[in-house]
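Student: turn this into a model:
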Amino acid sequence: MQATRLKASEQTLERIPMSKTESEAPLIAIVDDQRDVRTTVSRGLEQHGYRVHPFVGGADLLEALEYLEPDCILLDVRMPGLDGLSTLARIPPARRHVPVIFFTSHGDVPLAVEAIKNGAADFIEKPSTFETIVRKIKAAMLASRPSVEKSRFAAQARELLADLTQRENQVIRLACTGKRNKEIAEELNIGVRTVEFHRFQAIHKLGESNLLKVARIFEAAERE
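Tutor: You can find the predicted model right below:
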């Protein structure tokens, strides 16, 4: 993307207000090997109320995704080393809900179409305006909201279940199948009182007495 086209004045950029506070503003990962593009796009998005995290290449992004969860990724198609399509394919399962928008030149549109077939949310042809970039980011985040919520619920579910002991997990999982305490005791070869104790502990840790809701926690935790 030509940096000069991105350096539009405030008068030509439609500033779209953000409803979140600065600390809650969406985080956009910008992946491009050209420093002037990273700088220009970063500054422009910051002016529109976004937080940004620039990366020089796909490998750097993938390493950061182990601990970083951006709200959207702007990814250049052609980069030395790991290109955009290869980077998209290697995004870890825990971050696949994050929408990816490709930066592409006119000649790379077929690659962008291939990227969309492989899970990308959209693509932006270079050069472009910030009005277009912001509009596509908002549309991608809105479309991804259901999968984002499912992913976060799954992460929360795994955290809750991690607090259970092995026996608590066994007892409450069997309870969710409809088995009574006596049946669970017989299956696990433990006393009924022991079952009652572990069941109480599990329910207390999970914060749910409704077994249907507990079953949904197990179901969510097992999703990728």
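Student: in the protein, where's the longest helix?
Tutor: Counting residues, the longest helix found in the chain (DSSP state H) is helix 130-162.
Student: do you know how far the residue positioned nearest the centre of the chain is from residue 104?
Tutor: Central residue of the chain (CA atoms, centre = their mean): residue 98, 3.7 Å from the mean position. To residue 104, residue 98 is 19 Å away according to CB to CB, to the nearest Å. Heads up, the C-betas are built off the backbone N, CA and C, glycines and all.
Student: which residues does the residue in the chain sticking out farthest from the centre contact?
Tutor: The C-alpha centroid of the chain is most remote from residue 191, which lies 43.4 Å away (CA atoms, centre = their mean). By CB atoms under 8 Å, 6 or more residues apart in numbering, residue 191 lies in contact with residue 185.
Student: how does it look with 10 Å?
Tutor: Neighbour list for residue 191: 181, 185, 197 [criterion: CB atoms under 10 Å, 6 or more residues apart in numbering].
Student: quick check: end-to-end length of stretch 80-97?
Tutor: With CA to CA, to the nearest Å applied, stretch 80-97 spans 26 Å between its terminal residues.
Student: ok, and for it, which residues are buried?
Tutor: Neighbour-count burial for stretch 80-97 flags 82, 83, 84, 85, 87, 88, 91, 95, 97 (criterion: 16 or more other CB atoms under 10 Å).
Student: so residue 54 belongs to a strand, correct?
Tutor: Yes. Residue 54 forms part of a strand when assessed by DSSP: H, G, I helix; E, B strand; the rest coil.
Student: which residues in the protein form strands?
Tutor: Taking DSSP state E, the strands of the chain run over residues 27-31, 51-55, 72-76, 100-104, 122-125.
Student: which other helices and strands contact the last one?
Tutor: Strand 122-125 makes packing contacts with strand 72-76, strand 100-104, helix 109-117, helix 130-162 when contacts are defined by 3 or more CB pairs under 10 Å, 6 or more residues apart in numbering; DSSP states H and E.
Student: what of the fourth one?
Tutor: Secondary structure elements in contact with strand 100-104, counted by 3+ CB pairs under 10 Å, 6+ apart, are strand 27-31, strand 72-76, helix 84-89, helix 109-117, strand 122-125, helix 130-162.
Student: okay, angle between it and strand 27-31 too, please.
Tutor: Counting by axes from the mean of the first three to the mean of the last three CA atoms, to 10 degrees, strand 100-104 lies at 40 degrees to strand 27-31.
Student: go on, the second one?
Tutor: Direction vectors for strand 51-55 and strand 27-31, defined by the same axes, to 10 degrees, enclose an angle of 20 degrees.
Student: hmm, who's touching strand 51-55?
Tutor: 20, 22-33, 35, 37-39, 41-46, 60-65, 68, 70-71, 73-76, 79, 87.
Student: give me the pLDDT for the residue nearest to the centre of the chain.
Tutor: On the pLDDT scale, residue 98 is placed at 93.
Student: same check, this time on residue 188
Tutor: On the pLDDT scale, residue 188 gets 93.
Student: what's the burial count for it?
Tutor: By other CB atoms under 10 Å, 15 other residues sit near residue 188.
Student: ok, and the closest non-adjacent residue to it?
Tutor: Spatial nearest neighbour of residue 188, chain neighbours left out: residue 170 (6.2 Å); criterion: CB to CB, 6 or more residues apart in numbering.
Student: the one you found contacts residue 194, correct?
Tutor: No. At 11.3 Å, residue 170 does not count as touching residue 194 under the criterion of CB atoms under 10 Å.
Student: more crowded one of these two?
Tutor: It is residue 170, of residue 170 and residue 194, that has more neighbours when counted by other CB under 10 Å, with 18 against 15.
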